[in-house]
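Asker: please find the sequence and the predicted model below.
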Amino acid sequence: MARKLNDESIADWLERHPEWTRDGDMIRKTVQFEKFRDSIVFVNRLATLADDAEHHPDIDIRYDKVIVGLTTHDAGGLTEKDTKLAEKIDHASRTR
């Protein structure tokens, strides 16, 4: 099982990744698109990343916005699995 990150580690990571915010035991990011279809293309890319990592985010699609939430449920909070997948999501959101 993955080990939970401490608050200092999470704060340091968030400082380097300002598009992400902490919401309790979860980190979240909102990605804005021009069209609904672009949101769906991104979510499909995200699904491949999640399957490859065997770690699956919460995904909320709101027309031209995709809100992604990450936490490691079996660890009871944030772990490196979350931050590593978040960094892959960052890359995917920049290469639209």
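Answerer: Received, thanks.

Asker: what are the ranges of the strands in this protein?
Answerer: Along the chain, the segments classed as strands by DSSP state E run 21-23, 26-32, 58-62, 65-70.

Asker: what is the longest one packed up against?
Answerer: Using 3 or more C-beta pairs under 8 Å, 6 or more residues apart in numbering; DSSP states H and E as the contact criterion, the neighbours of strand 26-32 among helices and strands are strand 21-23, strand 65-70, helix 80-94. Any C-beta I mention is one placed from the backbone N, CA and C, and that applies to glycine too.

Asker: and if we set it to 6 Å?
Answerer: Applying 3 or more C-beta pairs under 6 Å, 6 or more residues apart in numbering; DSSP states H and E, we find strand 26-32 packed against strand 65-70.

Asker: and what of the third one?
Answerer: Here strand 58-62 is seen to pack against strand 65-70 when contacts are counted using 3+ C-beta pairs under 6 Å, 6+ apart.

Asker: let's see that with 8 Å instead.
Answerer: For strand 58-62, the elements it packs on are helix 36-53, strand 65-70, judged by 3+ C-beta pairs under 8 Å, 6+ apart.

Asker: got the buried residues for stretch 80-93?
Answerer: Within stretch 80-93, the residues scored as buried using 16 or more other C-beta atoms under 10 Å are Lys81, Asp82, Thr83, Leu85, Ala86, Lys88, Ile89, Ser93.

Asker: now for the residues you listed, which pair is the farthest apart?
Answerer: The span of the buried residues of stretch 80-93, defined through C-beta to C-beta, is set by Lys81 and Ser93 at 18.6 Å.

Asker: can you give me the end-to-end distance of stretch 49-69?
Answerer: Using C-alpha to C-alpha, to the nearest Å, the end-to-end distance of stretch 49-69 comes to 14 Å.

Asker: that one: how far from the chain's middle?
Answerer: 7 Å (C-alpha atoms, centre = their mean, to the nearest Å).
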